[in-house]
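# Mind looking at a prediction? Sequence and model below.
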Amino acid sequence: MARTSFPTALSKLCPSLQILVAGRNREKGSALVSTLGRNSEFIEVNIDNSSMLEEAMRGVDLVVHAAGPFQQGGSCSVLEAAINTKTAYLDVCDDTNYAQRARSFHEKAVSSGVPAITTGGIYPGVSNVMAAELVRKVRSEENAGEPERLRFYYYTAGSGGAGPTILATSFLLLGEDVIAYNKGDEIKLKPYSGMLNIDFGKGVGKRDVFLLNLPEVRSAHEILGVPTVSARFGTSPFFWNWGMEAMANFIPAEVLRDRSKVQQFVKLFDPLVRAVDGIAGERVSMRIDLECSNGRTTLGLFTHKKLSESVGISIAAFAMAILEGSTQPGVWFPEEPEGIPIEARALLLERASQGTTNFKMHKAPWMVETDPKEVGLGIYV
């Protein structure tokens, strides 16, 4: 139940931890354990088997659920097992419906004294915490204006080296209407529409990004109280964006929501994607923009040369926060202070940003963009 980069990152953050790697593939699991050393062990587990899950969690302090894709997924079996065994829980869910389903177990988690965080990866996850900090700082300043618009922009070169799972996730998202918020009203938009050309700063530059249905939009709107929220994603080379747009436009949504049919698409495209990945690399960048009522814009920027590494580091940062006891019982989103307290956010972001080539917070756009335009008297737009 862990992406291969996560146990490695966690063991580096805390070498004394005993890590139990769980999954269905013994060969892959044993290979990972061999790289982690004597503080690790593999156990075969099927997440659809509740008795196997609960047995695997006996005596475990924290379970990390990373067995995606979460889109069109069924029950929250891992979370239920964690609550039944009183085991702290973290998932890297990137699906709105699954995240809300996990949230429905909040009262049960409170009753069992189980701290749990859903959507705790890089995006969503670190991006949520960055957004929460942008909003908190603005509201703490005099004459800063009220937060009015929050926009999440993501870019990943190729598949980011994450393999078939992220490819399946991308295809499944193309079958979902995009939920966004405009001045407090929920609106539905077409997936992979609304293209914008966004400047991700040095090392990445300007990239086209498109609307996708991502869970941080709803959680940020409801928890942070920002009336207008949306999320966009883009990739490279440019023809991948064309392909994604074509799939969203010409393949029926019911086909793209069918996990078995999507797996057929993955088998078809995966060899080509991996070949192109060797050329495109796997750089990842996140830009979160917050616009205020007085016209001020502040942003956070996060760029790493390898998505596969950065995902592992980000998950490890959330895992350490839970293990250190900062998360209260209940099921929380990352931007909620009961999940990651305000005083713990700086350390989480410090850990998650290890290895980044560009990490900025609370900056004006002209301070991070590659070609800011001066309009006169030292004023940039």
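Looks like it arrived, so ask away. Residues are numbered from 1 along each chain as shown.
# can we go C-alpha only for contacts and neighbour counts from here?
OK.
# Any regions of the stretch 251-381 of the chain where pLDDT drops low?
Applying pLDDT under 70 to the stretch 251-381 of the chain picks out residues 372-381.
# and with 80 instead?
Flagging of the stretch 251-381 of the chain using pLDDT under 80 yields the residue ranges 273-274, 276-280, 371-381.
# need the helices for it, in chain order.
Taking DSSP state H, counting those that start in this stretch, the helices of the stretch 251-381 of the chain run over residues 253-256, 259-280, 307-323, 342-352.
# what pairs with the top strand by length along the chain, and is each one parallel or antiparallel?
Longest strand of the chain, by residue count under DSSP state E: strand 147-157. Paired neighbours of strand 147-157 in the sheet (DSSP bridges): strand 228-236 (parallel), strand 284-292 (antiparallel).
# Give me the buried positions along stretch 100-117.
Using 16 or more other Cα atoms under 10 Å as the test for burial, stretch 100-117 gives 102-103, 105-106, 108-110, 112-117.
# elements contacting the helix or strand Lys108 falls within?
Per DSSP states H and E, Lys108 falls inside helix 106-112. Other helices and strands packing on helix 106-112, by 3 or more Cα pairs under 8 Å, 6 or more residues apart in numbering; DSSP states H and E, are helix 77-84, strand 330-332.
# same thing but at 10 Å, please
helix 77-84, strand 115-117, strand 330-332 (3 or more Cα pairs under 10 Å, 6 or more residues apart in numbering; DSSP states H and E).
# Make JSON lines from the helices of the stretch 251-381 of the chain and add mean neighbour count and distance to Met130 to it.
Below are these laid out as JSON lines (neighbours: other Cα atoms under 10 Å; distance: least, Cα to Cα, whole Å):
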{"stretch": "helix 253-256", "mean neighbour count": "16", "distance to Met130": "31"}
{"stretch": "helix 259-280", "mean neighbour count": "15", "distance to Met130": "27"}
{"stretch": "helix 307-323", "mean neighbour count": "24", "distance to Met130": "12"}
{"stretch": "helix 342-352", "mean neighbour count": "16", "distance to Met130": "8"}
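# was I right about Ser310 contacting Leu10?
No. If you go by Cα atoms under 10 Å, Ser310 and Leu10 don't touch, sitting 11.9 Å apart.
# residues shared between the contacts of the two?
Ala316 (Cα atoms under 10 Å, 6 or more residues apart in numbering).
# How much space separates Glu186 from Glu41?
In this view, Glu186 and Glu41 are 46 Å apart by Cα to Cα, to the nearest Å.
# Distance from the chain centre to stretch 314-322, please.
Centre-to-centre, stretch 314-322 and its host chain are 13 Å apart (Cα atoms, centre = their mean, to the nearest Å).
# Equivalent analysis for stretch 292-310, please.
Average the C-alpha atoms of stretch 292-310, do the same for its chain, and the two points are 13 Å apart (Cα atoms, centre = their mean).
# for stretch 20-28, same thing?
Centroid separation for stretch 20-28 versus its chain: 23 Å, with Cα atoms, centre = their mean.
# So which bits of it are buried?
20-23.
# and what of stretch 360-367?
361-362, 364-366.
# Inside strands: which ones of the residues you listed?
In strands, judged by DSSP E, the following of the buried residues of stretch 360-367 are found: 361-362.
# Just give me the closest of the buried residues of stretch 360-367 to Arg136.
Nearest to Arg136 among the buried residues of stretch 360-367 is His362, at 10.6 Å by Cα to Cα.
# which residues does that closest one contact?
Counting by Cα under 10 Å, 6+ apart, His362 touches 130, 133-135, 137-138, 289-290, 297-301.
# Low-confidence ranges, the stretch 1-150 of the chain, go.
Checking the stretch 1-150 of the chain against pLDDT under 80 turns up 1-5, 24-25, 27, 29-30, 32-38, 68-69, 72-74, 144.
# please redo it, this time with the cut-off set to 70
Along the stretch 1-150 of the chain, the model assigns pLDDT under 70 to residues 1-4.
# Just the helices from it, written as ranges.
Ranges of helices in the stretch 1-150 of the chain, per DSSP H, counting those that start in this stretch, are 5-13, 26-36, 50-57, 77-84, 96-103, 106-112, 126-140.
# relative to helix 96-103, how tilted is the fourth one?
When you say that, I think you mean helix 77-84. Put simply, helix 77-84 runs at 10 degrees to helix 96-103, going by axes from the mean of the first three to the mean of the last three Cα atoms, to 10 degrees.
# Just want the angle from helix 77-84 to helix 50-57.
Note on geometry: by the same axes, to 10 degrees, helix 77-84 and helix 50-57 are set 60 degrees apart in direction.
# before we move on, back to that, in TSV, list the helices of the stretch 1-150 of the chain along with distance to Ala67.
Output for those, formatted as TSV (distance: least, Cα to Cα, whole Å):
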stretch	distance to Ala67
helix 5-13	12
helix 26-36	13
helix 50-57	13
helix 77-84	10
helix 96-103	13
helix 106-112	21
helix 126-140	19
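# so what's Gly23 up against?
Taking Cα under 10 Å, 6+ apart, we find Gly23 in contact with 1-2, 29, 42-47, 67.
# Please convert those residues to TSV, extending it with neighbour count.
Formatted as TSV, the contacts of Gly23 follow (neighbours: other Cα atoms under 10 Å):
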residue	neighbour count
Met1	21
Ala2	21
Gly29	21
Phe42	20
Ile43	15
Glu44	17
Val45	21
Asn46	15
Ile47	20
Ala67	16
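# Among these, which lie within strands?
Of the positions in these, 42-44 sit in strands, assigned by DSSP E.
# Out of those residues, which is nearest to Thr356?
Nearest member of the ones in strands among the contacts of Gly23 to Thr356, counting by Cα to Cα, is Phe42, at 30.2 Å.
# Considering the contacts of His362, which possesses the most neighbours?
Highest neighbour count within those, by other Cα atoms under 10 Å: Met130, with 27 neighbours.
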